[in-house]
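>>> For reference, the sequence and a predicted model appear below.
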Amino acid sequence: MAKDGLHRIFSRIVKIKPDELKISFLLFFYLFLVIAAYNVIKPIRNASLLEELGYQYLPVVYLLTAVIIGFVVAIHSKIQVKISRYALITLSILFFFLTCLIFRIFSGYGWQGLPIIFWVWANVFIIVLNTQFWITVNDVLNPREFKRLSGFFISGGILGGFVGGLLAGSLAKENVEYNLLFLSAGLLFVCSLLVYWIFRWQKREQSVQDKEEKSGDVKAGTTTKPGFRDSYKSVKEHNYLRFIATIVILTLVVSTLIDFQFQTVVQNNETGNLTSFFGYFYAGLMVFAFLLSLLMTSKLFRRYGVRISLLLYPLVLLLCFFGIGIAASLVMAIVIKGSDKSLSYSINRSARELLFIPVSPDIKYKAIVFIDMFVDRFSKGLGAVVLLIIMSFGIQDYKGLVRVVSLVSIVMILGWIVFTVRASREYVNSVKKKLPPPAPRPDKLVEVGLDVDYTKLIFDTLESRERSPDLYAMHVFELMKRGKLTPELRQLLSVQAEDMAPSSLGTFFEADSSAFIRMDDVDNNDVMGKEIQEIMSLDVYENVMKEYIDKVLSDKSSNAETARMEIAKGIGFLTLDSPIIQKLEELLVDDSSEVRKYAIESAAKLRKREYVPVLIQSLQDPPTHSDAAAALEKYGLRILGSLADYLCDSDEDLELRKAVVSILAHIGTQEAADYMLWELDENNEEMDSELIDALDRIRSEMPEIEFYEDLIKKKIKQKLKSYYEQFVEFADKESKGKDEEICRVMSYELTNSLMNIFKLLGLIYPHEDVAKALQNIQTGTKKDVAYAVELLDNILEKEIRAAILPIVEDLSQVERAKACAALRKDFPEF
Amino acid sequence: MEIHAREKDDVVIFDIEGEIRRSDVTDVTLHQLVKDQLDVGKRNILLNFKSVEFIDSFGVGEILASYISTHNLGGKLKIAKISKKLYLVFQVTMLTKVLEIFDEEELALNSFMGD
């Protein structure tokens, strides 16, 4: 009950799901404690150095910190591949806990070098623990959870900074109050407990699949020699990580330049008591950053996606630089410094860390350590070098100096924007890579794995042996003509022949009816083909055969069926100028389905327009349906108009029209797609599934074909609205626990509706991405679903996204029903 | 040809008797029967070929159409107890590469559980 109440309160501020409440608060307090502990240590660090050694030592400690951080990255990288992340983090916290106490003990001895060591230690403290916090976040959250929750737990960090500073300020009794290290140690102790709970939570949540993935990752990580160079190589060798590193460098260099501008303007303007001014300013900044992080970060991610969230920071700074470049006033300095710090603490940090989430774990953790620890420090140093270069020009006027710094910063921000756009593009690619590729369409699978025509021909060949040696001979001849008479097939036909009995019926070729063709007699070359063609083109042959065919066709007894089959098959070997082929029309409507089948096959070879109406009608005939469809497919483009007439004629039989759709899909041209789209626009629900599937097939095979976007969007809207209705009704029925069978059928209908919606989406968005997303939503783990939804979030337009994501996002049935009901009332128009 | 449907472990089993030939087709084809089951939400289909003596190209078309329809809806279609003679033809025509074929019905049913 208390948990529900807590969730109700927090869900008003942050989009936290009930089952995410625990991990959200654990991460919130984890960051809170790390930052609070550091903000207790920081004043001691500053005071001890200034009090005991003086500000002259500042360059020494800056330099020393940079060098030590390089070693820390190397050691950290080595350890992290040897022990689990939980052990690494716990040991790190333990190390800093103990060193806190050690520093407290040794502080009394008055060693001169202690403030320097303490300074470096304090910097290593925050860099290591902060990086490890983000590693933990990467371990436990998927991109969807990260986008929802990051604003919340980052606000914990900001609050930690505020509280830590407040505690240090109020509890310090001496100039350098080393006793406060006990407080930091205490905070770290609590922090280690939180880390334990977080990893325990993760262990429970992780599916078997995730565990397998992780164990694979560890193995991959141990194949290279870990260390600083290995971490550097991980970043260097991957475009995406290079982009992130470049963004971090530019961000921090620009931030250093902003700090310089701010200090310069403040120094040259009347601010009254400087200490008081800075005090109020930073306090206000903390409150602003806290609110920004808590209230805006997740909303920004949700509404505008990763790219805009990443671009917001440089764009705001760009405007500020123009402002301060034009008027180097105190107000502008406060605005630029305020924007920099508040955005960097809140939105930018979230967006930057989000970029790491989809990276493959075997390189991700090395990259985080390298970028967050080393690049971060290095960039601050680089910022100082840039400043020194600017100052070396000897600009005396502070406004002029501010202007030059602005100019340099603007150039850097432009580069930053370019890399941000590229990184956000790569982010989507990384999300795609996290998802297994979509399985090919089943019909495609059959086509690729199987030569269906050839398969059917073999079965017909075997079947023909039972009927007549001539029909069999024609089949063997056809196999030979197609070059398919392989040794395996010859062997098969020989084996099968042992079981067959010869037919006694008449023959088309007037050959010896009792003699079966033996495989040894068949030579796979063109000689036989040429001989047959020559015979068939003889005038005398035509005359004799015409007479024979008339005789067979006039014989209505069942005994003549095989003879008619032979004729129907044999006509297929003739040329279009032969008068005999006129007899095919009669055979196409023969009473025997076997005869019709062979006649249809021959019609497909001759492809005369006159056969088309009969072939189309044969689509309604179950025994010849697939033969007629295959024959019409062979006509291809020539009969598109005729097929379209049948397709669009609502008086025609529904099954026939559905069969026409399938043929159009096989023909698969722009025109065929257009006809089907127009029919789709007629909103005949009974035809929709076939039409959508056919269009999907065309799209999957021919990506160059275009589909009318407006029409597709209209259809998506219609299908979505219907889906919402269906889902609300389904959820209502299920919650009442009645009509189990109806609910089951409804559930399948919902699945089909969802498939149709996605197939439609695939017509106007990258087909493979949409198919990949659907497959993972339907069959993936919780993590796969999250990545699939994240992919959709990045490729769909804002309005379509708003209409689709609630039906695929990882929600409970009740939540989804609520979302569907809300969308039904307030549909996001697109 | 006669086809009888029964259900076991959430798998619809079609016991087919006789020959799947074009000439034996009644109003309802094997593909239509499979589609009827898919329409009511069934997704696991097993064709029991124990009593199938022969199939022609029409039969092959029916099996493949049923396979595609089932897989289109995320289901599985498998075959059990096919005769050695027919299996040889399936091998040469490479139908065995696409279709999952089992010696025994029980093995086929177990394989659905593993999917």
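All right, it came through fine.
>>> Go ahead and measure how far stretch A:804-815 is from the middle of the chain.
Offset of stretch A:804-815 from its chain centre (CA atoms, centre = their mean, to the nearest Å): 18 Å.
>>> mind showing which ranges of the chain have poor pLDDT?
In the absence of a named chain, chain A is used. For chain A, residues meeting the criterion pLDDT under 70 lie at A:1-7, A:175-176, A:207-227, A:271-275, A:495-526.
>>> was after chain B, sorry
In the predicted model, chain B carries pLDDT under 70 at residues B:115.
>>> what's the strand ranked longest in it in contact with?
As assigned by DSSP state E, the longest strand anywhere in chain B is strand B:44-55. Strand B:44-55 is contacted by residues A:459, A:462-463, B:10-21, B:30, B:34, B:37-38, B:63, B:66, B:70, B:75-83, B:86, B:105, B:108-109, B:112 when judged by CB atoms under 8 Å, 6 or more residues apart in numbering or on different chains. For the C-beta atoms, the positions are set from N, CA and C on the backbone; glycine is no exception.
>>> In ChimeraX, how would I select just the buried ones from the residues you listed?
To isolate the buried ones among the contacts of strand B:44-55 in ChimeraX, judged by 16 or more other CB atoms under 10 Å in any protein chain shown, type:
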select /A:459,462,463 /B:11,12,13,14,15,16,19,20,21,30,34,37,38,63,66,70,75,76,77,78,79,80,81,82,86,105,108,109,112
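>>> Return the subset of the contacts of strand B:44-55 lying in strands.
Per DSSP E, strands hold the following members of the contacts of strand B:44-55: B:11-20, B:76-80.
>>> between those residues, which is closest to A:Tyr472?
Closest to A:Tyr472 out of the ones in strands among the contacts of strand B:44-55 is B:Glu19 (17.8 Å), distances taken as CB to CB.
>>> which ones are touching the closest one?
When contacts are counted by CB under 8 Å, 6+ apart, B:Glu19 touches B:Met1, B:Val52, B:Glu53, B:Phe54, B:Ile55, B:Asp56, B:Gly59.
>>> Okay, and A:Leu388 sits in which element?
Following DSSP states H and E, one finds A:Leu388 within helix A:376-391.
>>> Could you measure from whichever residue of the stretch 451-600 of chain A sits closest to chain B over to B:Val89?
Nearest residue of the stretch 451-600 of chain A to chain B: A:Lys456, at 3.5 Å (CB to the nearest CB). Going from A:Lys456 to B:Val89 by CB to CB, to the nearest Å gives 12 Å.
>>> The longest strand of chain B pairs with which strands, parallel or anti?
Sheet pairing of strand B:44-55 (DSSP bridges) gives strand B:11-20 (parallel), strand B:76-80 (parallel).
>>> Figure out which of those is closest to A:Phe125.
Comparing these under CB to CB, the one sitting nearest is strand B:76-80, at 56.6 Å.
>>> Can you lay out the strands paired with strand B:44-55 as a markdown table showing distance to A:Val428?
What follows is the strands paired with strand B:44-55, written out as a markdown table (distance: least, CB to CB, whole Å):
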| stretch | distance to A:Val428 |
| --- | --- |
| strand B:11-20 | 40 |
| strand B:76-80 | 33 |
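>>> So which of the ones you listed is nearest A:Leu763?
Nearest to A:Leu763, of all the strands paired with strand B:44-55, is strand B:76-80, at 27.4 Å by CB to CB.
>>> Now for the nearest residue to A:Asn756 once chain neighbours are set aside: which residues touch it?
Nearest residue to A:Asn756, sequence neighbours excluded (CB to CB, 6 or more residues apart in numbering or on different chains): A:Ile692, at 4.9 Å. A:Ile692 sits next to A:Leu680, A:Lys715, A:Asn756, A:Lys759, A:Leu760 when contact means CB under 8 Å, 6+ apart.
>>> Would you agree the residue of the stretch 451-600 of chain A closest to chain B is in contact with B:Gly59?
No. At 9.5 Å, A:Lys456 does not count as touching B:Gly59 under the criterion of CB atoms under 8 Å.
>>> Which helix in chain B has the most residues?
helix B:57-72 (DSSP state H).
>>> Show me how far it is from its chain's centre.
Computed by CA atoms, centre = their mean, the separation of helix B:57-72 from the middle of its chain amounts to 8 Å.
>>> which other residues reach that helix?
The contact list for helix B:57-72 (CB under 8 Å, 6+ apart) reads A:441-443, A:445-446, A:450, A:452, A:455-457, A:459-460, A:463, A:597, A:623, A:626-627, A:693, B:19-22, B:25, B:29-31, B:34-35, B:38, B:43, B:45, B:47, B:55, B:76-77, B:79, B:93, B:95, B:98-99.
>>> The same query, at a cut-off of 6 Å, please.
Contact with helix B:57-72 is made by A:442-443, A:446, A:455-456, A:459-460, A:626, B:20, B:22, B:29-31, B:34-35, B:45, B:77, as judged by CB atoms under 6 Å, 6 or more residues apart in numbering or on different chains.
>>> Closest to the centroid, which residue in chain B?
B:Leu47 (3.0 Å; CA atoms, centre = their mean).
>>> re earlier: list only those of the contacts of B:Glu19 flagged as buried.
For these, buried by 16+ other CB under 10 Å: B:Met1, B:Val52, B:Phe54, B:Ile55, B:Asp56, B:Gly59.
>>> And those, which is closest to chain A?
Nearest to chain A among the buried ones among the contacts of B:Glu19: B:Asp56, at 4.5 Å, using CB to the nearest CB.
>>> neighbours around residue 42, how many?
Let's take chain A. If you count neighbours by other CB atoms under 10 Å in any protein chain shown, A:Lys42 ends up with 19.
>>> wait, chain B
20.
>>> what does A:Asp362 give?
Neighbour tally, A:Asp362, other CB under 10 Å: 18.
>>> Also the one 5 residues further on?
As a burial measure, the neighbour count of A:Ala367 was computed by other CB under 10 Å and equals 23.
>>> Tell me which other helices or strands the strand or helix carrying it touches.
In this structure, A:Ala367 sits in helix A:361-368 according to DSSP H and E. In terms of contacts (3 or more CB pairs under 6 Å, 6 or more residues apart in numbering or on different chains; DSSP states H and E), helix A:361-368 is packed against helix A:208-221, helix A:228-236.
>>> mind listing what A:Glu353 touches?
A:Trp134.
>>> now A:Tyr748
B:Gly41.
>>> now do 8 Å
Residues near A:Tyr748 by CB under 8 Å, 6+ apart: B:Val40, B:Gly41, B:Leu73.
>>> ok, so what distance separates the closest residue to the last one other than its chain neighbours from A:Met536?
Distances taken as CB to CB, 6+ apart place B:Leu38 nearest to B:Leu73, at 5.6 Å, with adjacent residues excluded. Using CB to CB, one obtains 46 Å as the distance from B:Leu38 to A:Met536.
>>> what number of residues lie near A:Gln718?
Using other CB under 10 Å, A:Gln718 is surrounded by 15 other residues.
>>> what helix or strand does it sit in?
Going by DSSP H and E, A:Gln718 is in helix A:709-736.
>>> Show me what that helix is packed against.
Applying 3 or more CB pairs under 8 Å, 6 or more residues apart in numbering or on different chains; DSSP states H and E, we find helix A:709-736 packed against helix A:670-680, helix A:740-764, helix A:798-808, helix A:813-825.
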